[in-house]
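A.B. asks: Build the 3D model from these lines:
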Amino acid sequence: MKLEVWAKELRIPFLSLPVIFVPLGIMVAYFDVATINPLHAILTLIGVVCLHASVNVLNDYFDYKSGIDVATTPTPFSGGSRVLPEKLLSPNNVLIGGIILLIIGSSIGLYFLNYFGFNSVLLAIIAISILSVILYSPVLSTLGLGELTVFLNFGPLLFSGVYFIQSAGNCSNCFYGLEIEAIIVGSIVGLMTTGILYINQFPDTEADKSKGRRHLVARLGKKKAVSLYNYIMGASYIIIIISAVTPFVIGIGIPLTCIIALATFSLTPKGNFRTASKILGKEYEKIMELIPAMGNTVMTTIQTGILLLIGYIIWWVLTMYFPGATSLVPIVAPVA
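C.D. replies: Alright, predicted model coming up:
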């Protein structure tokens with residue numbers, strides 16, 4: 001029974017995001033270094049999953065203490081895990097669980113810092129990630145910085161960190177010590193992950209406002225906020241298109257085969273952006289009617305990450321076994 005309760009508290013389905021994003025980040029690095037450090041890959045995945053789980057658990061704790069959990073109408077995608085309002089666990093146990101997960105994730109970060117000689121770039125990435133977990137619920141989300149925090153930590157920072165660890169701090173196209181390709185791919189899925197948080201705020205808006213939480217939906221009002229959802233998600237597709245073309249112009253971008261990720265705009269049957277956008281535009285005031293839109297946003301993000309990963313794998317296969325098929329595209333190929 002306790003295991004089932006903790007599985008509910010951890011919100012395990014949402015932990016699928018780092019399980020997809022970390023391998024995608026590793027594949028981005030592989031194109032430059034042509035090798036994968038298995039131990040570091042596993043540790044990175046464990047660390048990221050623990051930090052993600054920690055912020056989920058601590059968010060439940062702080063929402064319960066502030067009374068937001070009680071005031072919200074729960075859905076499968078919003079309103080928290082409901083473990084504390086239903087008294088399935090004590091607040092102290094939830095707080096301790098969140099801290100333990102934070103310690104595990106932070107310890108792995110400290111291992112990497114020590115391994116790479118406390119490099120300033122990696123130190124900044126890990127420090128921001130840990131502080132984001134600690135401050136997200138009590139400070140950042142209250143100040144309206146939740147969306148920016150999610151974008152950075154599930155996007156450019158996550159992918160830059162994964163790239164750094166696999167490449168041992170080397171990069172082929174650097175921007176202040178960060179690999180540009182990692183920033184590009186991170187921005188694509190980071191924006192979509194922000195879209196998940198953003199659309200999940202619609203059902204909780206009134207409760208959040210009553211407790212002083214001023215996220216973007218609360219600030220804009222639901223009607224105006226619909227347009228911003230479309231801009232956030234749409235920006236991801238624009239980045240995919242542009243970055244698949246830029247290798248022909250400046251030699252920096254993502255493999256052309258990654259354009260298969262555009263399928264999640266409207267073609268993927270398990271969930272796509274177009275369906276989510278249509279539902280949100282019509283039902284933004286109705287909590288239960290919004291559930292399919294929230295589900296479609298989650299599936300759009302997951303499937304985009306998977307298709308980007310498949311795009312990288314296809315490009316690797318073409319480069320290794322059919323080099324003539326990729327010779328005309330001026331993008332850095334995996335080192336033999």
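
A.B. asks: switch to C-alpha atoms for all contacts and neighbour counts from now on
C.D. replies: Noted.

A.B. asks: low pLDDT regions in the protein?
C.D. replies: Scanning the chain for pLDDT under 70 picks out the ranges 1, 324-336.

A.B. asks: repeat that with 50
C.D. replies: The chain contains residues with pLDDT under 50 at 332-333, 335-336.

A.B. asks: hang on, residue 279 packs against residue 293?
C.D. replies: Yes - contact criterion C-alpha atoms under 8 Å: residue 279 and residue 293 qualify, at 5.7 Å.

A.B. asks: So for those two, which sits in the more crowded spot?
C.D. replies: The residue with more neighbours, out of residue 279 and residue 293, is residue 293; 26 against 17, by other C-alpha atoms under 10 Å.

A.B. asks: Packing partners of the helix or strand where that one lies?
C.D. replies: Assigned by DSSP states H and E, residue 293 belongs to helix 291-321. In terms of contacts (3 or more C-alpha pairs under 8 Å, 6 or more residues apart in numbering; DSSP states H and E), helix 291-321 is packed against helix 16-33, helix 180-200, helix 273-283.

A.B. asks: Of all the residues in that helix, which ones are buried?
C.D. replies: Neighbour counts over helix 291-321 (16 or more other C-alpha atoms under 10 Å) mark 291-316, 318-319 as buried.

A.B. asks: where along this protein do the helices fall?
C.D. replies: Counting by DSSP state H, the chain has helices at residues 2-10, 16-33, 38-66, 68-71, 91-115, 120-135, 146-154, 156-167, 180-200, 205-210, 216-220, 222-245, 273-283, 291-321.

A.B. asks: how about those in CSV, adding distance to residue 85?
C.D. replies: Putting the helices of the chain into CSV (distance: least, C-alpha to C-alpha, whole Å) gives the following:
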stretch, distance to residue 85
helix 2-10, 12
helix 16-33, 25
helix 38-66, 7
helix 68-71, 7
helix 91-115, 10
helix 120-135, 22
helix 146-154, 23
helix 156-167, 32
helix 180-200, 19
helix 205-210, 15
helix 216-220, 23
helix 222-245, 26
helix 273-283, 27
helix 291-321, 21
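
A.B. asks: right, so of those, which gets closest to residue 262?
C.D. replies: Taking C-alpha to C-alpha, helix 222-245 is the member of those nearest to residue 262, at 6.4 Å.

A.B. asks: got the angle between the closest one and helix 273-283?
C.D. replies: Interaxial angle of helix 222-245 relative to helix 273-283 (axes from the mean of the first three to the mean of the last three C-alpha atoms, to 10 degrees): 170 degrees.

A.B. asks: Name the surrounding residues that touch helix 222-245.
C.D. replies: Contacts with helix 222-245, where a contact means C-alpha atoms under 8 Å, 6 or more residues apart in numbering, come from 184, 187-189, 191-192, 194-195, 198-199, 202, 216-217, 252-259, 261-262, 265, 273, 277, 280-281, 284-285.

A.B. asks: which among these end up buried?
C.D. replies: Buried among the contacts of helix 222-245 (16+ other C-alpha under 10 Å): 184, 187-189, 191-192, 194-195, 198-199, 202, 216-217, 252-259, 261-262, 265, 273, 277, 280-281, 284.
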